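Enquirer: Build me a model from this:
(one chain, ligands or ions: 1)
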Amino acid sequence: MLKLEHIKKSYDKVTILNDINLEIEDGEIVSILGPSGCGKTTLLNLILGITDADSGKIIFQGEDITNVPMEKRGFNIVFQDYALFPNLNVYQNIVYGLKNKPGITTEEELGEMIELLGLKEHLDKKIDQLSGGQKQRAALARTLVMKPKILLLDEPLSALDGVIKESIKAKIKQIAREYHLTTIIVTHDPEEALTLSDHVLIIDQGRISQYGKPDEIVQTPQNGFVKEFILRQLEIKKNNIYSLFTGFMPDSMVS
Ligand SMILES: Nc1ncnc2c1ncn2[C@@H]1O[C@H](COP(=O)(O)OP(=O)(O)OP(=O)(O)O)[C@@H](O)[C@H]1O
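Expert: Numbers count the residues shown, from 1 in each chain. From the prediction side, this is the model:
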């Protein structure tokens, strides 16, 4: 289990995260959801270990890792821009990190990962020959071969369009289930968070607004922010589609 206790973080005397308390069970997918600037990436970076908290504790599997440096935590992140090496092909990108940790993934496991992510026919390609979805899958493979104890994903779907987005979502779910891998995802998209995760952490101005299962959030939003920001966005999306087919907006949306 990953536990955050009373985490606080400020930049230049401005409070960014205020008293964050959180428990994430092993193997769960958790989305961190909130508007731009609410502190999502800061929270992800704190868990990863590239940012230090001002106060509070991070506990992993019962051990206090608050002061454990990033490389010793064994968590791993896929950045929003994938950070793949453009001068290497897909295969070389995937195995790059294994130089420092030889044997951590066997040839068989590597093959399975490549198969699972549908990268077999792309292994010889350079990164600029890949689509967005293929880049995302290559970045996922490169991270997963390092056998992270926790997988962190920063806006993994934001650069992808409809169908590709759904297929990457399915892959992320499959990986989390098959490898029993705790996966923490930053997103600003309520639909993405609600359809991808076991639990959703909604942050408003550095504070936890609600932490719950997707159905709890939809059925029992705990406050005005969840109702307005999250559920209203879903309603707008739904009504945009409705108006596309009918040519007019439902009365509830006309104000
Ligand atoms: N290194 C830093 N120094 C100073 N301020 C920072 C630093 N990193 C983040 N911030 C500030 O902290 C706040 C939260 O930033 P953060 O990146 O965590 O938000 P976010 O929710 O991930 O936003 P977005 O969705 O736009 O990426 C912002 O106001 C940002 O300007």
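Enquirer: who in the protein is up against the ligand?
Expert: With Cβ under 6 Å from any ligand atom as the criterion, the chain meets the ligand at residues 11-12, 16, 34, 36-42, 188. Just so you know, the C-beta spots here come from the backbone N, C-alpha and C atoms, and that holds for glycine as well.
Enquirer: And for the helix or strand hosting Ile16, what's in contact with it?
Expert: If you go by DSSP states H and E, Ile16 is part of strand 14-24. With contact meaning Cβ atoms under 8 Å, 6 or more residues apart in numbering, strand 14-24 is reached by 1-10, 30, 39, 42-43, 46, 53, 56, 182, 184, 199, 201, 206-208, 211.
Enquirer: What of stretch 151-164?
Expert: Against stretch 151-164 from outside (Cβ under 8 Å, 6+ apart): 41, 44, 47-48, 75-80, 131-133, 136, 140, 143-144, 165, 168-169, 172, 175-176, 181-189, 192.
Enquirer: which of those are buried?
Expert: When those are checked for burial by 16 or more other Cβ atoms under 10 Å, the buried set is 41, 44, 47-48, 75-78, 132-133, 136, 140, 143-144, 165, 168-169, 172, 175-176, 181-189, 192.
Enquirer: Now for whichever residue of the stretch 51-200 of the chain sits closest to the ligand: which residues touch it?
Expert: Taking Cβ to the nearest ligand atom, the ligand has its nearest neighbour within the stretch 51-200 of the chain at His188, 5.1 Å off. With contacts defined as Cβ under 8 Å, 6+ apart, His188 is in contact with 33-36, 40, 155, 158.
Enquirer: So the nearest residue to Lys165 once chain neighbours are set aside: helix, strand or coil?
Expert: The shortest distance from Lys165 to any non-neighbouring residue, by Cβ to Cβ, 6 or more residues apart in numbering, is to Leu157 (4.9 Å). The three-state label given to Leu157 by DSSP: H, G, I helix; E, B strand; the rest coil is coil.
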